[in-house]
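Peer 1: A predicted structure for the sequence below; I have some questions about it.
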Amino acid sequence: MKPIFALVDCNNFYASCEKLFRPDLTHVPVVVLSNNDGCVVARSKEVKALGIKMGGPVFKLKDEIAKYGIVCFSSNYALYADLSNRIMTLLEEEAPRLEIYSIDEAFMDLTGVDSVVDFESFGRSVKHKIDTWVGIHVCVGIAPSKTLAKLANHAAKKYKGTKGVVDLTNRERQRRLMALVEVGDVWGIGRRISEKLIAMGIKTALDLADADPKSIRLKFSVVVERTVRELNGVSCIGFEEAAPTKKQIICSRSFGERILEKQLMREAICKYVTRAAEKLRGEKRLTKSVSVFIRTSPFSKGEPHYSNSMATELPNPTDDTRDLLEVAEVLLDRIWRPGHRYAKAGVMLMDFYEQGTYQCDMFRSHEGKKKSKELMSVVDKINHSGLGNVFFAAQGVTPQWSMKREHLSPAYTTRWSDLKVVR
DNA sequence: TCTGGGGTCCTAGGACCC
DNA sequence: TCTGGGGTCCTAGGACCC
């Protein structure tokens, strides 16, 4: 049977989450900022209507923010993740199979569903449920490939008449829509490739669908060839129900203030190592490779730039924070150059092994490994319980370098004291 | 003064081997 | 003077996504 996909995508997700608990902001333009309150990462529909672009640095938007009374929020990932979980849980009840694609969108496998109910009615009932049970509005696009489902969702968002649901299983309808969509709006076609396509005279999604897949492959890559086939209703990107295991883990941050002292940088690196190790244990994996990078701001003029990274192999795969801290500090010693104003640093883990599959060397006792496992699981348990926070002293107690979050909303859904009160 | 963070996949080219 | 062919592995860089 030919597969059918639905893409459910939340409207202006982060901005909608912030508005959910602030009815006074219902029709007010709202933006959500990146870490350090640096760039705009989400916009409410009022802000989009003002023509304000995604990703722009906030300091360049100061005039517009004042002029239109735009309300700014620092990103509050605990809130967004919690609302995302509620939505995904409801979606799981609706479809036999669900692929959670990102924090605010998921693919549903609707293959065969039309023997029970037509696709559009199905989409409408899903939308109604999320809209009313969670209060976050979603759009639904339905089509025989993921790329077309993305396109259908794009149309559901753009055209009011669709009321948020588009069934794009009909070929004629697919072609009519594709003729209206710019090639750069197709999933998988970014800025670089769309520039090249336009120069070749391929301007719309339909032009791309009608291009010869073989010659597209020669000029670009198999990835773009796949997109051409997907636009023609041939599903090349399959359904992935289980989240694939991670191949690398990165923890990096820009600093709230520039770092000049090595001791402060050491604290930051230790903090990132600790977080990365927690994620690694969450993935139930061991790592054999650690890398550390530090850099000055690429934007600052009139000061020397410095950027460096270094990686190392561990003798044995590990998930013990202490092992990782030890090598990370050595790496930092080797790349640290005094006299720079550092803006960002990070830690990357890669080369993962499943727990229990690696042949360990004979110098590390079995007893030692067991102790390490127990210690790490106690640390993780305490930190997840909300009862307290234990950490390694190396990361510092009161970091001066932590990020700026001057417009943070309360933890409405994850902290008792921040619960919304209705009077 | 102030420009995010975390991922994946593909390709080309070099090193090395027989 | 003549200077192959085929394969693998690794890495860096580019491109994309949310």
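Peer 2: That came in fine, so what should we check first?

Peer 1: could you use CA atoms for every contact and neighbour count after this?
Peer 2: Fine.

Peer 1: return the set of buried residues in whichever strand or helix holds A:C251.
Peer 2: A:C251 is part of strand A:248-259 when elements are defined by DSSP states H and E. The neighbour-count check on strand A:248-259 (16 or more other C-alpha atoms under 10 Å) flags A:249-259 as buried.

Peer 1: again, but for stretch A:318-327
Peer 2: Buried-residue list, stretch A:318-327, by 16+ other C-alpha under 10 Å: A:318-322, A:324-325, A:327.

Peer 1: among those, which pair sits farthest apart?
Peer 2: Largest separation among those by C-alpha to C-alpha: A:D319 and A:V327, giving 12.8 Å.

Peer 1: now, which of the buried residues of stretch A:318-327 sits nearest DNA strand C?
Peer 2: For the buried residues of stretch A:318-327, the closest approach to DNA strand C (C-alpha to the nearest atom of the strand) belongs to A:V327, at 17.5 Å.

Peer 1: for A:S309, see how far away that closest one is.
Peer 2: A:V327 sits 13 Å away from A:S309, going by C-alpha to C-alpha, to the nearest Å.

Peer 1: list residues touching both of those two?
Peer 2: Counting by C-alpha atoms under 8 Å, 6 or more residues apart in numbering, A:V327 and A:S309 have no common neighbour.

Peer 1: show the pLDDT at whichever residue of the stretch 251-400 of chain A sits closest to DNA strand B.
Peer 2: For the stretch 251-400 of chain A and DNA strand B, the shortest gap (C-alpha to the nearest atom of the strand) falls at A:R253, measuring 2.8 Å. We have a pLDDT of 93 for A:R253.

Peer 1: what sits against it?
Peer 2: A:R253 neighbours (C-alpha under 8 Å, 6+ apart): A:35, A:344-346, A:403.

Peer 1: repeat that for A:L280.
Peer 2: Taking C-alpha under 8 Å, 6+ apart as the test, what A:L280 contacts is A:249, A:286-287, A:319.

Peer 1: for A:K247, which non-adjacent residue is spatially closest?
Peer 2: A:M350 (6.3 Å; C-alpha to C-alpha, 6 or more residues apart in numbering).

Peer 1: could you give the angle of the helix or strand encompassing that neighbour to strand A:248-259?
Peer 2: Assigned by DSSP H and E, A:M350 belongs to strand A:342-354. Angle between the axes of strand A:342-354 and strand A:248-259 is 160 degrees (criterion: axes from the mean of the first three to the mean of the last three C-alpha atoms, to 10 degrees).

Peer 1: quick one: distance of the helix or strand just after strand A:342-354 to the chain centre.
Peer 2: Sequence order places helix A:366-385 as the next helix or strand after strand A:342-354, per DSSP H and E. Remark: helix A:366-385 is offset 29 Å from the chain centroid, using C-alpha atoms, centre = their mean, to the nearest Å.

Peer 1: likewise stretch A:175-184?
Peer 2: 27 Å.

Peer 1: CA atoms only for it - export them in PDB, please.
Peer 2: Listed next in PDB are the C-alpha coordinates belonging to stretch A:175-184 (Å, rounded to 0.1, in the frame of the first residue of the first chain):
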ATOM      1  CA  ARG A 175       0.600  20.500  -9.100                       C
ATOM      2  CA  ARG A 176      -1.600  23.600  -8.600                       C
ATOM      3  CA  LEU A 177       0.000  24.200  -5.200                       C
ATOM      4  CA  MET A 178       3.500  23.600  -6.300                       C
ATOM      5  CA  ALA A 179       3.100  26.200  -9.100                       C
ATOM      6  CA  LEU A 180       2.500  28.800  -6.300                       C
ATOM      7  CA  VAL A 181       5.400  27.800  -4.000                       C
ATOM      8  CA  GLU A 182       8.900  29.300  -4.400                       C
ATOM      9  CA  VAL A 183      11.600  26.600  -4.800                       C
ATOM     10  CA  GLY A 184      13.400  27.900  -1.700                       C
END
